[in-house]
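Student: Quick one, fold the following:
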Amino acid sequence: MTTGLQVMLLAGGLVGLGVALLVIRLVPAQPDLADALARLTPARPSLPSATAGPVVGKERLGVWAIRVLPPGLWVRTPHRELAVLRIPLARFYGEKLTFAAIGLVLAPLLAWFFDLLGLGLPIAIPALASLGLAATMFFLPNYNAIDEARKARLEFTRALGAYIDLVALERHNGSGVRQSMEAAAQVGDSWVFQRLSEELTRSRWSGLPPWDALHMLAEELSLPDLDDFANIMRLSGEEGAGVYTTLRARSSAMRSAMLNDEIAEANAAGERMTIPGSLLGVIFMALLVAPSLLRMFSST
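Tutor: The predicted structure follows:
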């Protein structure tokens, strides 16, 4: 039977959720300037309303959280991973609070559903489950950001090997350091080449050497291979050293390292696949031996 305390907790949770949604709706939005300018470009397709609404709502919630909540609440923010994925900090914080709110409300709703089926639970169980789910889902965006950033860094490293080969060919054809780096970045249309092109263009307008711009990008995104490439181009730009052979050797070493990592991952996956086969063999042998053992014990 539904107890009065459970009904009061459910009603209080729903009222609190409604108040939070109302506050989020009334908080003025502070969109990211770079993201707003990117949306105004003709080449960028407009986001459908089904996806734009939740994103804007999360950013508003994140802006409110940054203003009101203490910084220690977030425990650890993966800034470098968010920089790789280009996720605004406000959107990330809004997503964390959204996931926590879902986890907080989910357990009372399930308890109410079980209560309707006649399977009433003690009030302590949904209360503890609600707090546990909220805490677990609060850190779920951190895991998602770290995992997606790892995949993005791997993709960046693969594209960087091709980019280094293109720069080496441009240098071999007599192009200057900046010209070769910018021309090679214009060849590809993936997000990696676009990111490199943006940094090189920004360095041109700011008067910063292109290798320094890539060095800053490597530190921001934690990309050691990009930092090594920037150091090679610094030697070519400041000392006039020939870097064609060095660049080709560097790209070849990167491909070999990635191949070795993929082979090791494939071997680990193959070893994991042998475990179900071994268990199946043990079960099959047990089925063969079980009738004989049963007859032996029954005869005795």
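Student: how far is the one helix or strand Met273 maps to from where the chain is centred?
Tutor: Under the criterion of DSSP states H and E, Met273 resides in helix 244-299. Helix 244-299 has its C-alpha centroid displaced from the chain centroid by 28 Å (C-alpha atoms, centre = their mean, to the nearest Å).
Student: Would you mind pulling up the elements that it packs against?
Tutor: Judged by 3 or more C-beta pairs under 8 Å, 6 or more residues apart in numbering; DSSP states H and E, helix 244-299 is in contact with helix 140-172, helix 224-239. Glycine gets a C-beta too; all of them are placed from N, C-alpha and C.
Student: Among the ones you listed, single out whichever gets nearest to Met258.
Tutor: Of all the helices and strands packed on helix 244-299, helix 140-172 sits nearest to Met258, with 6.6 Å by C-beta to C-beta.
Student: and after the closest one, which helix or strand comes next?
Tutor: Per DSSP H and E, helix 140-172 leads on to helix 177-185 as the next helix or strand towards the C-terminus.
Student: what residues does that following helix touch?
Tutor: By C-beta atoms under 8 Å, 6 or more residues apart in numbering, the residues outside helix 177-185 that reach it are 163, 166-167, 169-171, 175, 193, 196-197, 200-201, 204, 210-211, 233, 236-237.
Student: Okay, angle between it and helix 244-299 too, please.
Tutor: Angle, helix 177-185 to helix 244-299, by axes from the mean of the first three to the mean of the last three C-alpha atoms, to 10 degrees: 40 degrees.
Student: Could you dump the helices and strands packed on helix 244-299 into JSON lines with mean pLDDT added?
Tutor: JSON lines is the format used below for the helices and strands packed on helix 244-299 (pLDDT from 0 to 100):
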{"stretch": "helix 140-172", "mean pLDDT": "90"}
{"stretch": "helix 224-239", "mean pLDDT": "85"}
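Student: Mind putting those into a markdown table with distance to Pro122 and mean neighbour count?
Tutor: Output for the helices and strands packed on helix 244-299, formatted as a markdown table (distance: least, C-beta to C-beta, whole Å; neighbours: other C-beta atoms under 10 Å):
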| stretch | distance to Pro122 | mean neighbour count |
| --- | --- | --- |
| helix 140-172 | 27 | 18 |
| helix 224-239 | 53 | 18 |
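Student: Turn these into CSV, columns for distance to Ala83.
Tutor: Listed next are the helices and strands packed on helix 244-299 as CSV, based on distance: least, C-beta to C-beta, whole Å:
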stretch, distance to Ala83
helix 140-172, 9
helix 224-239, 13
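Student: Good, we can wrap up now.
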